[in-house]
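>>> Sequence and predicted structure, then a few things I'm wondering about:
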Amino acid sequence: MKKYNFNAGPSILPKETVENTIKAIEDFAGSGIGLMEVSHRSKDFEAVVNEAVALFKELLHIPDGYSVIFLGGGASLQFCMVPFNLLEKKAAYLNTGTWASKAQKEAKLFGEVVEVASSKEANYTYIPKNYTIPKDADYFHITTNNTIFGTELHTDIDSPVTLVADMSSDIFSRPVDVSKYGLIYGGAQKNLAPAGLTFVVVKDELLGKVTRAIPTMLDYRTHVKENSLFNTPPVVPIYAALQTLRWLKALGGVNEMYKRNKEKADLLYAEIDRNKLFKGTVAVEDRSLMNICFVMNEKYRELEPEFYQFAVSRGMVGIKGHRSVGGFRASTYNALPKEAVAALVETMQEFEKKNS
């Protein structure tokens with residue numbers, strides 16, 4: 001039976017990424033030594049980092065004056081690295097979900113934190129609007145896509161202060177005007193590479209401004225200066241990221257990805273809205289293109305376990321909703337083919353007929 005991978009992360013990767021990485025693990029760059037055994041200081045691996053950085057900049061149209069670095073620790077480590085490096089007196093945060101809330105909590109260890117708005121009272125079912133960003137804040141932090149709750153910011157915010165964004169789950173899924181951001185970060189395990197890699201895009205002029213001493217490993221300048229090779233980096237995930245970036249470029253880049261992601265999301269949301277058994281969980285205008293959350297309509301709520309088993313029997317993997325939301329979640333990241341979404345829609349239609 002064919003399997004369709006809707007896991008929220010670690011998640012589906014392009015077939016080319018997986019196959020090329022396996023080959024490199026066996027023999028890296030024809031060296032006779034596997035990727036997991038090669039020196040990260042070798043010229044061949046340095047070339048991998050350089051090409052990955054170059055493609056990152058090319059695909060996102062990153063302006064001059066920004067650096068791209070690859071780190072370990074996941075996006076969760078960035079929750080403290082960002083304020084460590086940027087927060088001098090005050091930071092502003094938009095609370096749109098679990099990860100935004102956790103980032104805000106960490107920042108409070110370094111200075112004053114202002115929560116400009118929150119949708120917590122509605123279980124994060126919408127993106128707050130019409131809030132005021134304090135002009136005396138060192139930066140304004142947002143989480144562009146909320147993996148657990150299924151909401152997404154669809155446009156780049158015009159911020160009067162430095163804009164910082166966690167783009168863990170929607171990087172490369174849609175066009176982004178990087179010039180509007182001072183720092184972008186994310187875990188790679190959703191749209192880029194296996195778990196263990198974190199990317200950071202940072203405007204160089206922002207660094208070195210805080211008066212506090214920063215531990216060497218937590219100072220962005222360390223990794224910018226050493227081209228992500230200050231210590232042994234996550235070698236295999238970086239190589240896999242390069243393969244994904246090559247795949248993205250070959251397909252036509254971010255604009256093509258956005259077109260495909262929109263088609264997939266539109267297909268599934270249309271079925272959720274049409275099918276009498278199901279309903280969406282978030283405000284329509286804030287629906288995520290990456291993590292599509294839905295539940296059974298109240299009248300059919302007792303059928304949720306049965307539908308889950310029915311979907312699993314049809315090859316659907318990872319569609320169980322997060323415990324904070326319940327129901328179902330289909331993560332439709334870049335590497336997920338439209339065929340998978342069509343199969344899920346067909347499964348929903350079959351289940352509807354079975355229970356009509």
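Great, that's in hand.

>>> Next, count neighbours for residue 47.
12 (other CB atoms under 10 Å). The way it works is simple: take the backbone N, C-alpha and C, and place the C-beta from them, glycine included.

>>> same question, residue 194
The number of residues packed near residue 194 is 19, by other CB under 10 Å.

>>> wait, it sits on residue 10?
Yes. Counting by CB atoms under 8 Å, residue 10 is a contact partner of residue 194 at 6.4 Å.

>>> what about the helices in the stretch 51-200 of the chain?
74-86, 98-107 (DSSP state H, counting those that start in this stretch).

>>> do you know which of the ones you listed lies nearest residue 168?
Closest approach to residue 168 among those (CB to CB): helix 74-86, 4.7 Å.

>>> what's the angle between the closest one and helix 98-107?
Using axes from the mean of the first three to the mean of the last three CA atoms, to 10 degrees, the inter-axis angle of helix 74-86 relative to helix 98-107 is 40 degrees.

>>> Identify all contacting residues around helix 74-86.
By CB atoms under 8 Å, 6 or more residues apart in numbering, the list of residues contacting helix 74-86 from outside reads 71, 91, 99, 102-103, 105-107, 109-111, 138-139, 141, 162, 164, 166, 168, 182-183, 185-187, 195-196, 198, 200, 206-207, 209-210, 212, 214, 218-220.

>>> Need the CA coordinates for that helix. CSV is fine.
Taking Å, rounded to 0.1, in the frame of the first residue of the first chain, the C-alpha atoms of helix 74-86 are listed here in CSV:
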residue,chain,number,x,y,z
GLY,A,74,16.9,23.6,16.9
ALA,A,75,14.7,26.7,16.7
SER,A,76,14.2,26.3,20.5
LEU,A,77,17.8,27.4,21.1
GLN,A,78,17.2,30.5,19.1
PHE,A,79,14.5,31.4,21.6
CYS,A,80,17.4,32.4,23.9
MET,A,81,20.1,33.3,21.3
VAL,A,82,17.9,36.0,19.7
PRO,A,83,17.5,38.0,23.0
PHE,A,84,21.1,37.2,24.1
ASN,A,85,22.3,38.9,20.9
LEU,A,86,19.7,41.6,20.3
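
>>> List the buried residues in it.
Neighbour counts over helix 74-86 (16 or more other CB atoms under 10 Å) mark 74-86 as buried.

>>> again with stretch 1-17
4-14, 17.

>>> Check stretch 211-220 too.
For stretch 211-220, burial by neighbour count (16+ other CB under 10 Å) applies to 214, 219-220.

>>> and stretch 64-73, average pLDDT?
Averaging pLDDT along stretch 64-73 yields 97.

>>> Give me the contact list for that stretch.
Here stretch 64-73 makes contact (CB under 8 Å, 6+ apart) with 49, 52-53, 56-57, 62, 77, 178, 196-205, 220, 223-224, 227-228, 233-234, 238, 241.

>>> what's the neighbour count on residue 43?
Residue 43 has 8 nearby residues by other CB under 10 Å.

>>> What does the pLDDT read for it?
For residue 43, the predicted pLDDT is 95.

>>> for residue 215, same thing?
98.

>>> Would you mind finding the longest helix in the chain?
As assigned by DSSP state H, the longest helix anywhere in the chain is helix 253-274.

>>> Moving C-terminal from that helix, which element do we reach first?
Following helix 253-274 in sequence order, the next helix or strand is strand 278-280 (DSSP states H and E).

>>> Could you list the buried residues of that next one?
Across strand 278-280, burial judged by 16+ other CB under 10 Å covers 278, 280.

>>> and the helices of the stretch 51-200 of the chain as CSV, adding distance to residue 325?
Converted to CSV, those look like this (distance: least, CB to CB, whole Å):
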stretch, distance to residue 325
helix 74-86, 20
helix 98-107, 10
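
>>> Mind checking these for the one nearest to residue 249?
Here helix 74-86 is closest among the helices of the stretch 51-200 of the chain (CB to CB), at 24.1 Å.

>>> just how off-centre is that closest one within its chain?
Helix 74-86 sits 16 Å away from the centroid of its parent chain (CA atoms, centre = their mean, to the nearest Å).

>>> Next: stretch 158-175.
10 Å.

>>> now do the same end-to-end measure for it.
15 Å (CA to CA, to the nearest Å).

>>> Among the buried residues of helix 74-86, pick out the one closest to residue 34, please.
residue 74 (24.8 Å).

>>> On the three-state scheme, residue 292 is what?
Following DSSP: H, G, I helix; E, B strand; the rest coil, residue 292 is assigned to strand.

>>> quick one, what contacts residue 247?
14, 16-17.

>>> can you pull the pLDDT of the closest residue to residue 112 other than its chain neighbours?
Leaving aside its chain neighbours, residue 112 sits nearest to residue 90 (4.4 Å; criterion: CB to CB, 6 or more residues apart in numbering). Residue 90 is assigned 98 on the pLDDT scale.

>>> Same check on residue 1?
Note on residue 1: pLDDT of 88.

>>> do the one 3 residues further on as well
The model reports residue 4 with a pLDDT of 98.

>>> Could you do residue 57 as well?
98.

>>> How about residue 176?
Residue 176 is given a pLDDT of 98.

>>> how near is it to residue 327?
For residue 176, the distance to residue 327 equals 30 Å [CB to CB, to the nearest Å].

>>> Also residue 88?
For residue 88, the distance to residue 327 (CB to CB) stands at 43 Å.

>>> Same question for residue 339.
Distance from residue 339 to residue 327, by CB to CB: 23 Å.

>>> So which of these two has more stuff around it?
Counted by other CB under 10 Å, residue 339 and residue 327 do not tie: residue 327 has more neighbours, with 20 against 11.
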